[in-house]
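> Quick one: sequence plus predicted model below, questions after.
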Protein chains: 2
Amino acid sequence: MANITKKVSWSSRGDESGSPWEGTPLLNGSEQPSVSRQLSGGRSIFQIGRLSTVDLEDEITAEEDSRGRPKEIPHNEKLLSLKYESLDYDNIENQLFLEEERRMSFGGFRCLEISRWVVCGLIGFLTGLVACCIDIVVEEMAGLKYKVIKENIVKSTEAGGLSISLILWAVLNCAFVMVGAIMVACFEPIAGGSGIPQIKCYLNGVKIPRVVRLKTLVVKVLGVMCSVVGGLAVGKEGPMIHSGAVIAAGVSQGRSTSLKRDFKMFEYFRRDTEKRDFVSAGAAAGVSAAFGAPVGGVLFSLEEGASFWNQMLTWRIFFASMISTFTLNFFLSIYHHKPGDLSNPGLINFGRFESEIMSYNLYEIPLFIAMGALGGFLGALFNVLNYWLTIFRIRYVHRPFLQVIEAMLVAAVTVAVSFTMIYFSTDCQPLGPEHSEEYPLQLFCADGEYNSMAKIFFNTPERSVRSLFHSQPGTYNPLTLGLFTLTYFLLACWTYGLSVSAGVFIPSLLIGAAWGRLCGILLASITSSGSIWADPGKYALIGAAAQLGGIVRMTLSLTVIMVEATGNVTYGLPIMLVLMTAKIVGDYFQEGLYDIHIKLQSVPFLHWEAPGTSHWLTAREVMSSPVTCLNRIEKVGTIVDILSDTSTNHNGFPVVVKVSHNNEPAKLCGLILRSQLIVLLKHKVFVELARSRLNQRKLQLKDFRDAYPRFPPIQSIHVSQDERECMMDLTEFMNPTPYTVPLDTSLPRVFKLFRALGLRHLVVADDENRVVGLVTRKDLARYHLGKHGLEELHLAQT
Amino acid sequence: MANITKKVSWSSRGDESGSPWEGTPLLNGSEQPSVSRQLSGGRSIFQIGRLSTVDLEDEITAEEDSRGRPKEIPHNEKLLSLKYESLDYDNIENQLFLEEERRMSFGGFRCLEISRWVVCGLIGFLTGLVACCIDIVVEEMAGLKYKVIKENIVKSTEAGGLSISLILWAVLNCAFVMVGAIMVACFEPIAGGSGIPQIKCYLNGVKIPRVVRLKTLVVKVLGVMCSVVGGLAVGKEGPMIHSGAVIAAGVSQGRSTSLKRDFKMFEYFRRDTEKRDFVSAGAAAGVSAAFGAPVGGVLFSLEEGASFWNQMLTWRIFFASMISTFTLNFFLSIYHHKPGDLSNPGLINFGRFESEIMSYNLYEIPLFIAMGALGGFLGALFNVLNYWLTIFRIRYVHRPFLQVIEAMLVAAVTVAVSFTMIYFSTDCQPLGPEHSEEYPLQLFCADGEYNSMAKIFFNTPERSVRSLFHSQPGTYNPLTLGLFTLTYFLLACWTYGLSVSAGVFIPSLLIGAAWGRLCGILLASITSSGSIWADPGKYALIGAAAQLGGIVRMTLSLTVIMVEATGNVTYGLPIMLVLMTAKIVGDYFQEGLYDIHIKLQSVPFLHWEAPGTSHWLTAREVMSSPVTCLNRIEKVGTIVDILSDTSTNHNGFPVVVKVSHNNEPAKLCGLILRSQLIVLLKHKVFVELARSRLNQRKLQLKDFRDAYPRFPPIQSIHVSQDERECMMDLTEFMNPTPYTVPLDTSLPRVFKLFRALGLRHLVVADDENRVVGLVTRKDLARYHLGKHGLEELHLAQT
């Protein structure tokens, strides 16, 4: 793979500095200054206004991200960016928290539980509503667009001048895509793409700046409407998942920072632990709305996010999913003039597969598996092409202007290719008696016939998928399907990664359905007794599953989503086998599409388990040391200096009994976060002031919650020279019982503890309980299993 | 609730002994000698042959369990039995293990992974095969039985003397039930009931003696055939789950201790961690085979067991489930003379619900919810009745002889009641044109008609359920359904808990389907426009879900199981709402049936989270102390004495640097298990011997694996007086990095760590890393949320 980055990684400096710990040959990156935590006692000058990249100021980092991203960030899967911070899934059980919990009665806990359910219900309802809006708007606008173009084509076919139609089509599409691309490229770049990689990262515990903001939601929803109506090879399902997550993050906090409204509700939920649970529910509701797959949604959330499975949480997630499907169904039933009929599925509807006519047989299983392998191969090809394209984009297409131009270019090419294919197609089919075709184009076909190529190209992708699944045998001829597969494969591959809000699910399904149907037709023509092979729709379904599985490499959740979307449990086994084969074959060549994009962003993503061959690494090698520790009663000046030190930007500090000044480890007695220190500094909770102002209100948990999640940067807090001499008592605010591991703990064991509990900081202590190191997400994410055994990623500051 | 026990609990002695730790008012049970770990230096005489109840000799405890259970065990939900040990889900990462892992190449890990898949495939295949056997045998034998009886009845109806038929029916049923009951009561009592409570406990991490033995499987399978053919109000689905679990435990170990065969395969999997993963897969495969619900099976396993959700594990579990359904389908398709047609579902098949004719509407939702509430209420009633009955049984019906008699009595009463109901029923219906009725009884009906009551009573319960779901409107009249519900409710309630192998799923479904259909019929008769209410089958389905949910209180997994069994995703929302309502209403009155039986066995079951109001408890109060510690190099005599001390029976011992003799805490350096010490003693791994016999083979991990899981009791190991003076070096065998928590850690935090990682022992250390206490499963399971806030259970030795 190409290494296109400048070597910004700190690891190159690693060899220069001496290290107190023995280095093992592979571990040349583990003891560099980039991760060393030194008491910055030397630099006592307080620096105001210096830029730093800590997560506490994600406004600033996000600005950087959108504007200057492509120039500075080394996009390389061998790097791990230090700019991403972790979410804290571990409760900070300090005295304030414990006091509040102990004050709370049994009834209080019950109320909390009920409000959790209410929030989940709201999340489901709003997600369903948003999905419904998207669906109706897309339906109406696409209908209008196709109607106008069709009329023009019909007129031009008779009168001549089809080029006018082409231009009309292209202009309409480009206009829509331009609007969508401008919104994404100029206002909220994080809203681009499907959003699933970002949500995966969030659920994994990585804080992605701006990913759950209201603005992101608005851009995402409007953007996806534009790109789908604009005729790009995209789906509206992926963005739905992101939308659900944003809605969840917003509703659960009971306020909107963007709108500057605080409803004073759900204040208890203003911490990472609770928020992440709700975001899981939101993502599940999104899947549920997108595919009409409530169980699939729950499994998606669990597969991607929840490391600790909690029964009540799962049940709530399921509730949100159900409400979401239900809401969507209800409003769509009104829209379709069948109010109250709740048997409609999600945004994409595969149509009903009747098991009577589409049953499969034992000897078809090997065929399905072969198709799975083909899907895995084609998926890997898709991913490799998209990987190279993404690298190219990072290098050359990084200005918003260029991004908009590229999006419009893709839109124009899509139209041109579609038009050409339709124009030169000679595949004419008789119109069905029930006129089930949505926008049949006659073109040069005889009367009472329509152009078969137009049926898949001149339509929204969802409709095309359904048509490939359910059309009568003989509707498409093999040449049409082959050409369509080829062109759409390339178009979809080019489209994914554009600065538009768009998903990859539907294009993948469409490609797969096309070549799957092709397989079915070929099989039917080879075998003499065509009875059992008669229905190519079955093969279209298998092909769609194989292609999608080969691209995204999801497993259990995708099986369930497919089964729920087909509404038929019978196909569970073949779909599972196909997805499994596709994953195995695909993984041989290249990772899944989402994982590629996560890696290219250098996100410190934690997988389920530590690499298999990492037992010989221990906490000693993995941890960062020495650690910047704070005394239980610490000088304000020291704290300010540590927090302002932009070269380290630590977010958690072990609190110890007494720091000696020769860097000797001291006994651990707690852990405190940067965000907590910031709030303490802001409220000037100094020992001396407490004495002088006796009536001063005691700092409460509420003060921390009000500041969550956008804690001000240290630079915005003014500390006078006098105040710098004051002392701060951290006892009440620190977490007095942080999890610790001994020095000799093996990496898999550290990993398991860290992952199972969703930790952000794990203190490494020696046998006297003295702090000797700190393990954070990056220390663990660094190790991964490459082609040549265990590899170590480099850490980069940006 | 009644407290029928003798006070065997050790807690009554708690007040007599002084305790070094402050007691809080509620915590009168937390510092008793029952959990105190003292160095029994005083008793230096080695006791051979004394009985002890540790889990290492589950042969012995199981014998006790089967024979003497009802006399000694205080069956009381306020007690927690000390006889149940924990499984160790945490790997013992000692030097031997780490060396092995480090020696293993990447290829080795891949091989392991592949063999895990192979094992899961085997589990699925065998589970499906067993399910298939059960199904075919039951089908054939029940068919034969009903044919014989029917012929007799037909003859008797004409000739008179129906009492002969009654006696024939009763004798046949009693004979079958007797065989089943004798097997269970005399040979393997743990095989009684549905087995789901036991599997729940196992997956929760409690070692239930004999639960995954081959003998249990044989008795279970034969027993369930007998009880279903014997016409009891039971199902064959619950036992299938237990069977799957046993198969998994057997296959994954690559040997059978019962058959004394070791295939030398899968030796790596011979530890609790791996075994429990496979048992999860087995349980899932069982559910999958029982209901044709592979996804439901996975969710069942996760809901009940896996605290730590691992993607690959889940995927493997899903694979096992799929293979299981597939195998069952394949063999059943051959049996049904349609080989290769894989569209058959599991053991119970709800039949196909066509959504076109059975769609539901928005205004039916409140009706469904009301039915859910009714189901919750009836379920709670069922549970309360069964609770009292179980108490009665524990008190009076504890001899195998009496148990067999009771089972036969129930069988006879079931026949008598069925016969009476059929005899006096005047509900005659015309025979369908297609003769779809399986065993239509004409009795006193006109020619061409059959007795409607006989259609549900004179049939296997599975068939009756299907008939209630799918029969045409008008097939049953309301009186028939009402009477059936009443009698079957009481019969099913009496039957559950008998010493026969039998499940409660199908009876619950049947009761619910009956009153649900009744509701449907009544609704149709109330409303004038009967069109939408026309199909009572829909209400039968909802009623079945409500009743089952009200009894077992499963949530997500049950929803998915029901959806998969109906083969129709449309009913997801109403089924979920109904199950949720049933659970809420039911929980108000009484716990779920399985939980009641678990509590009555005093099993230390850990729920998902610590009780809400337990934040004011800390490790200090929860832990057991003082702790019996061992030195890193310890005298053999001391170890033997500690292990032989039947008054404590500890299973894990912290290893410390130096035990001072005034019980002062010493620095922690590791943790070693009783089972490991036993193996060490057996192989005489003494420092002195190692010096004298230089060529002696070093103890390997294999020696521990060969002894797993039936480690010999300490009494079987002979240690001479000379050897008692030797020393043992534990360094290589102890786990050098046990998880620890500080003294001030709150109970929820301790609980979370313990539960998330599946620990068995959690060391509590002070701020100098000295051992001050040990938290085990019982210390955490003691606290539960009662009606009056936090309650503490007493610990009982039996």
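That came through fine. The structure presented is a predicted model; accordingly, all values stated were derived computationally and were not measured.
> Tell me the helices and strands packed up against the lengthiest helix in chain A.
For chain A, the helix reaching the highest residue count under DSSP state H is reported as helix A:106-159. Packing partners of helix A:106-159 (3 or more CB pairs under 8 Å, 6 or more residues apart in numbering or on different chains; DSSP states H and E): helix A:162-182, helix A:214-229, helix A:237-253, helix A:272-291, helix A:311-335. (Glycine included, C-beta is placed from N, CA and C.)
> comparing those helices, which gets the lowest mean pLDDT score?
Mean pLDDT across those is lowest at helix A:311-335; the value there is a mean of 87.
> what angle sits between it and helix A:237-253?
Calculated by axes from the mean of the first three to the mean of the last three CA atoms, to 10 degrees, helix A:311-335 forms an angle of 120 degrees with helix A:237-253.
> Could you check the angle helix A:311-335 makes with helix A:106-159?
Helix A:311-335 and helix A:106-159 are oriented at 40 degrees to each other (the same axes, to 10 degrees).
> so helix A:311-335 versus helix A:272-291, what angle?
For helix A:311-335 against helix A:272-291, the angle between stretch directions is 40 degrees (the same axes, to 10 degrees).
> Identify each buried residue in helix A:311-335, please.
For helix A:311-335, burial by neighbour count (16 or more other CB atoms under 10 Å in any protein chain shown) applies to A:311, A:313-333.
> Does it reach chain B?
Yes - using CB under 8 Å from any CB of the partner chain, helix A:311-335 reaches chain B at A:Gln311, A:Met312, A:Thr314, A:Trp315, A:Phe318, A:Phe319, A:Met322, A:Thr325, A:Phe326, A:Phe330.
> buried sites along the helix or strand where A:Tyr387 lies?
Assigned by DSSP states H and E, A:Tyr387 falls within helix A:365-396. Applying a neighbour-count criterion of 16+ other CB under 10 Å, one finds A:365, A:367-369, A:371-383, A:385-387, A:389-391, A:393-394 buried in helix A:365-396.
> How about the contacts made by A:Val578?
By CB atoms under 8 Å, 6 or more residues apart in numbering or on different chains, A:Val578 lies in contact with A:Phe368, A:Ile369, A:Met371, A:Gly372, A:Gly375, A:Ile542, A:Ala545, A:Ala546, A:Gly549.
> er, A:Gly124 actually
Contacts of A:Gly124 by CB under 8 Å, 6+ apart are A:Ala281, A:Ala285, A:Ser288, A:Phe319, A:Ala320, A:Ser321, A:Met322, A:Ile323, A:Ser324, A:Phe326, A:Thr327.
> A:Gly786 pairs with what?
Beta-bridge partners for A:Gly786, by DSSP bridges, are A:Gly789.
> what's around A:Arg710, how many residues?
Residues near A:Arg710, counting by other CB atoms under 10 Å in any protein chain shown, number 12.
> Does it belong to a helix, a strand or coil?
coil (DSSP: H, G, I helix; E, B strand; the rest coil).
> Is it correct that A:Leu523 is in contact with A:Phe368?
No - judged on CB atoms under 8 Å, A:Leu523 makes no contact with A:Phe368 at a distance of 11.5 Å.
> For the nearest residue to A:Leu313 once chain neighbours are set aside, give its distance to A:Pro478.
Distances taken as CB to CB, 6 or more residues apart in numbering or on different chains place A:Asp277 nearest to A:Leu313, at 5.7 Å, with adjacent residues excluded. A:Asp277 is 50 Å from A:Pro478, where distance means CB to CB, to the nearest Å.
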